[in-house]
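# kindly generate the corresponding structure for this input.
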Amino acid sequence: MKLIPDDNKLKYQPERKPEDRVMRLSDLLKRIKVKNCSKISDPDIGSIHYKAQDVLPGGLFVAIKGESSDGHDFIDEALARGAAAVVAQKDVKNDGIIIVHENTRKALSGLSAEFYKNPSESLYIIGITGTNGKTTTSYLIESIVSKAGYNVGVIGTINFRYAGQVFENKVTTPESLDLQRILSQMLKKGVTHVVMEVSSHAIELCRIHDCLFDVGVFTNLTQDHLDFHNNMESYRACKKRLFTEYIVHGEKNGAAVVNCNDPEGRKLFHELRVSKVSTGFATDCMIRPEDVKHDLSGISGTICTPGPDFTFLSPMIGNYNLENILCAAGVGAAMNISPDFIKAGIESLSSVPGRLERIENKHNRYVYVDYAHTPDALENVLKTLRSLSKARIICVFGCGGNRDIGKRPKMGRIAAEFSDLAVITSDNPRSESKMEIIDQIAAGVREAETHEYRACDLAAGFSKKGYVVQPDRKGGIMLAVSVSQAGDVIFIAGKGHETYQIIGNKRIDFDDREVVRSAFEGVKS
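Residues are numbered from 1 along each chain as shown. Down below sits the predicted model:
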């Protein structure tokens with residue numbers, strides 16, 4: 001793989017050369033229990049691919065069905081590029097070596113793990129799943145485990161990073177081939193512990209199928225991804241599989257850390273038959289807080305554990321971040337890390353990119369950018385800000401296109417209830433009409449019977465609770481800043497750390513944080 005610098009980031013791209021290993025096709029096929037194929041020859045395999053355009057001579061192409069295309073449609077291209085063999089999920093008429101497998105996603109995972117010498121066997125892997133809180137919890141765990149003296153790698157929504165290098169990551173949990181390659185490279189660089197965000201897509205699509213986990217973390221479960229899972233029952237069952245298939249039945253002596261503040265978490269905790277740690281605010285939780293104090297500068301208090309209790313002070317705010325802190329402390333306890341290191345790890349993490357990230361300014365406004373893109377996440381943050389500030393709250397948000405449409409009116413209703421001015425705008429509309437998305441959000445806002453403003457009505461500010469539609473996201477952020485007063489809270493939700501906006505099939509540069517900074521350049525007071 002090749003590292004390409006771009007604005008202090010590193011993009012992960014395949015080099016146009018084979019990997020530094022070669023395996024016989026027959027040896028690879030043993031992993032996925034395939035004994036026969038359409039040809040007798042047994043070629044050497046120097047690389048594995050799931051994208052036909054990446055195939056190298058002597059490579060093995062695995063045809064998988066993606067969100068927008070099917071690898072089976074590109075088998076001829078893969079062979080023309082020099083693929084030594086193809087693994088397909090159905091019979092294919094071709095003179096090349098074609099191996100048929102009942103599930104090519106599972107095949108890709110198994111072949112990749114075998115090709116990269118099963119790196120998860122030699123790494124201590126901590127997997128985090130849940131609707132919200134995965135990224136923040138991963139940063140906290142990374143900080144704790146690093147303080148304990150281990151070499152940590154992280155794979156997550158914002159990026160993946162190890163050995164002082166940070167790489168762009170396009171999905172929360174990479175495809176199985178990429179994941180096994182990354183784990184292999186981490187191992188080579190001396191990484192001992194890996195913290196991995198595990199999305200429900202990754203579980204359902206077999207991306208983690210051949211990973212062995214030491215600890216699984218459950219943060220919470222609320223509505224999201226119903227465009228993919230269809231209903232909450234399927235969504236919940238998918239998340240649960242991290243613990244029932246990868247922790248319980250793995251070859252390692254795995255443990256589960258479960259946030260029992262969440263109703264689904266408490267239910268899961270009692271269902272699991274594995275070594276487990278409960279976290280939450282109740283007195284029966286193994287990891288719980290006492291004497292907690294909240295304000296806009298952070299959280300302080302005591303964390304009670306099965307071992308020694310310890311005090312802590314974190315710059316993060318809100319009960320939902322306290323839950324994340326407790327989950328991270330639970331991982332420390334499951335790993336028998338000293339409370340001194342757990343405390344140091346919690347206190348040394350000042351912020352997480354795009355997770356209630358404070359944007360400093362000279363105009364006495366409290367501005368936060370956050371990734372909140374679900375009803376639960378939006379409500380949690382707005383309730384937190386409302387409880388910690390008596391000032392007005394201006395909320396800028398939208399909803400992504402080609403995603404669960406059922407959450408749109410719910411988020412509109414929440415924004416109307418907990419903010420003084422809701423600015424409804426565009427998020428990542430993708431192939432949907434941004435105005436149709438906004439109309440669905442506005443339907444929920446109107447349920448709150450709040451006042452409807454036009455943008456031109458707000459030239460002199462606003463005096464009563466209401467909402468306004470500004471379809472252009474930059475315009476929505478600029479509007480929020482222009483109508484704000486000293487002491488106001490401006491909350492910009494939905495995109496967080498993202499530095500782009502997806503409109504149609506185009507990905508354009510867009511960073512909420514930079515737009516905010518630009519907007520304040522025109523503020524006089």
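
# so what touches stretch 346-356?
135-136, 139-140, 143-144, 147, 158, 312-318, 321, 325, 328-329, 357-358, 368-371, 381, 495-498, 513 (CB atoms under 8 Å, 6 or more residues apart in numbering). In this view, the C-beta of every residue, glycine as well, is placed from N, C-alpha and C.

# so Thr222 sits right up against Pro375, yeah?
Yes - judged on CB atoms under 8 Å, Thr222 makes contact with Pro375 at a distance of 6.8 Å.

# between the two, which is the more surrounded one?
Taking neighbours as other CB atoms under 10 Å, Thr222 and Pro375 compare with Pro375 leading, 24 against 19.

# report the contact partners of the more buried one.
Contacts of Pro375 by CB under 8 Å, 6+ apart are Thr222, Gln223, Lys407, Lys410, Met411, Ile414.

# on that earlier part again, buried subset of the contacts of stretch 346-356 as a PyMOL selection?
Only the buried entries of these go into this PyMOL selection, using 16 or more other CB atoms under 10 Å:
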select buried, resi 135+136+139+140+143+144+147+158+312+314+316+317+318+321+325+328+329+357+368+369+370+371+381+495+496+497+498+513
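
# thinking again about what came up before, sitting in helices, which of the contacts of Pro375 do you find?
Lys407, Lys410, Met411, Ile414 (DSSP state H).

# okay if I get the residues you listed as CSV plus neighbour count?
As requested, the ones in helices among the contacts of Pro375 are exported to CSV (neighbours: other CB atoms under 10 Å):
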residue, neighbour count
Lys407, 26
Lys410, 20
Met411, 30
Ile414, 27
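
# okay if I get the residues you listed as CSV plus distance to Gly280 and pLDDT?
Output for these, formatted as CSV (distance: CB to CB, whole Å; pLDDT from 0 to 100):
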residue, distance to Gly280, pLDDT
Lys407, 25, 95
Lys410, 25, 96
Met411, 26, 97
Ile414, 23, 97
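
# for those, which one is nearest Gln185?
Taking CB to CB as the measure, Lys407 is the one of the ones in helices among the contacts of Pro375 closest to Gln185, at 36.8 Å.

# surely the closest one touches Thr374?
Yes - using CB under 8 Å, Lys407 is in contact with Thr374, at 6.2 Å.

# centroid-nearest residue for this protein?
Compute the mean C-alpha point of the chain, and by CA atoms, centre = their mean the closest residue is Thr157, 3.7 Å away.

# may I have the predicted confidence score for that one?
As predicted, Thr157 sits at a pLDDT of 94.

# verify the stated contact: it with Thr136.
No - look at Thr157 against Thr136 with CB under 8 Å: they stay out of range, at 10.3 Å.

# residue ranges with poor pLDDT in the protein?
Filtered on pLDDT under 70, the chain yields the residue ranges 1-18, 35-40, 223-229, 248-251, 525.

# show me the domain layout of it.
Listed by automatic domain parsing, the domain ranges of the chain are 2-114, 119-348, 357-520.

# how near is Leu123 to Phe160?
Counting by CB to CB, to the nearest Å, the gap between Leu123 and Phe160 amounts to 14 Å.

# the two: which has the busier surroundings?
Shown here are Leu123 and Phe160; by other CB under 10 Å, Phe160 has more neighbours (25 against 22).

# which strands border the host helix or strand of that one, and is each parallel or antiparallel?
Assigning secondary structure by DSSP states H and E places Phe160 in strand 159-162. Strand 159-162 pairs in its sheet with strand 152-155 (antiparallel), strand 165-168 (antiparallel), by DSSP bridges.

# pop out the phi and psi values for His193.
phi -130, psi 140 (degrees, to the nearest 10).

# state the distance from it to Lys495.
Taken as CB to CB, the span from His193 to Lys495 is 30 Å.

# what's around Arg507, how many residues?
By other CB under 10 Å, neighbour count at Arg507 equals 13.

# ok, now which ones touch it?
Tyr500, Gln501.

# how far out from the middle of the chain is the helix or strand hosting it?
Element membership for Arg507 (DSSP H and E) is strand 506-509. Distance of strand 506-509 from the chain centroid (CA atoms, centre = their mean, to the nearest Å) equals 20 Å.

# with stretch 411-424 instead?
24 Å.

# ok, stretch 258-265 next?
19 Å.

# and that stretch, how far apart are its ends?
6 Å (CA to CA, to the nearest Å).

# ok, now stretch 449-468?
Per CA to CA, stretch 449-468 runs 13 Å from first to last residue.

# now stretch 495-510
OK, stretch 495-510 end separation, CA to CA: 10 Å.

# hang on, the residue nearest to the centre of the chain in a helix?
No - read with DSSP: H, G, I helix; E, B strand; the rest coil, Thr157 is coil and lies in no helix.

# returning to that earlier point: the ones in helices among the contacts of Pro375 into CSV, with extra columns for distance to Gln440?
Shown next, in CSV, are these (distance: CB to CB, whole Å):
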residue, distance to Gln440
Lys407, 10
Lys410, 10
Met411, 10
Ile414, 14
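
# most widely separated two among these?
Going by CB to CB, the pair spanning these furthest: Lys407 and Ile414, at 9.8 Å.

# could I get the full set of helices for the stretch 201-350 of the chain?
Secondary structure of the stretch 201-350 of the chain by DSSP state H, counting those that start in this stretch: the helices cover 226-229, 232-241, 263-271, 319-334, 339-348.

# for Ser41, which of the ones you listed is the nearest?
Among the helices of the stretch 201-350 of the chain, helix 232-241 sits nearest to Ser41 (CB to CB), with 38.0 Å.

# which parts of that closest one are buried?
Tyr235, Cys238, Lys239, Lys240, Arg241.

# contacting residues for the third one?
Under the criterion of CB under 8 Å, 6+ apart, the contact list for Lys239 reads Thr129, Gly130, Ser200, Ile203, Phe218, Leu221.

# ditto for the fourth one
By CB under 8 Å, 6+ apart, the contact list for Lys240 reads Leu268, Glu271.
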